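Enquirer: only the shape, not the letters, is given here:
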């Protein structure tokens, strides 16, 4: 064999790599509690966007039929598959009440994002007042 093949190449040992991985794991565990509110807030954006879209569809339906609809299918709202159904949606969207003069729609979280025992609930009405009913 030639001398070029037997030459040592500088590299890290397995123990050094494991120590680095343990340090990174500890740093992640220290940072995770402070990131949970941010994760929960980001997921709540899904509910807000879906409810605003539902509001737009309800207003269009109202302009055509002079009443608000109680059915999501009537206004053309297509709900993405939820996490319970193998999809990506974290919120269940439903129309709670509808009348000729108004409606109330609700987005209920299907999971407790920060593990505190509370689930997130958002509502929107015919005046587009979006509010958080229950905070996660």
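Expert: Yep, that arrived. The model shown is predicted, which means the values in this text are computed figures rather than measured ones.
Enquirer: end-to-end on stretch 65-75?
Expert: End-to-end distance of stretch 65-75 (C-alpha to C-alpha, to the nearest Å): 11 Å.
Enquirer: can you list contacts of it?
Expert: 54, 57-58, 60-62, 79, 93-95, 97-103, 126 (C-beta atoms under 8 Å, 6 or more residues apart in numbering). In this view, the C-beta of every residue, glycine as well, is placed from N, C-alpha and C.
Enquirer: try 7 Å
Expert: 57-58, 61-62, 79, 95, 98-100, 102-103, 126 (C-beta atoms under 7 Å, 6 or more residues apart in numbering).
Enquirer: which ones among these are found in helices?
Expert: 57-58, 61-62 (DSSP state H).
Enquirer: could you say which helix or strand contains the residue most central in space within the chain?
Expert: The residue lying closest to the centre of the chain (C-alpha atoms, centre = their mean) is residue 43, at 2.9 Å. In this assignment (DSSP states H and E), residue 43 forms part of helix 14-65.
Enquirer: run a quick neighbour tally on residue 75.
Expert: 22 (other C-beta atoms under 10 Å).
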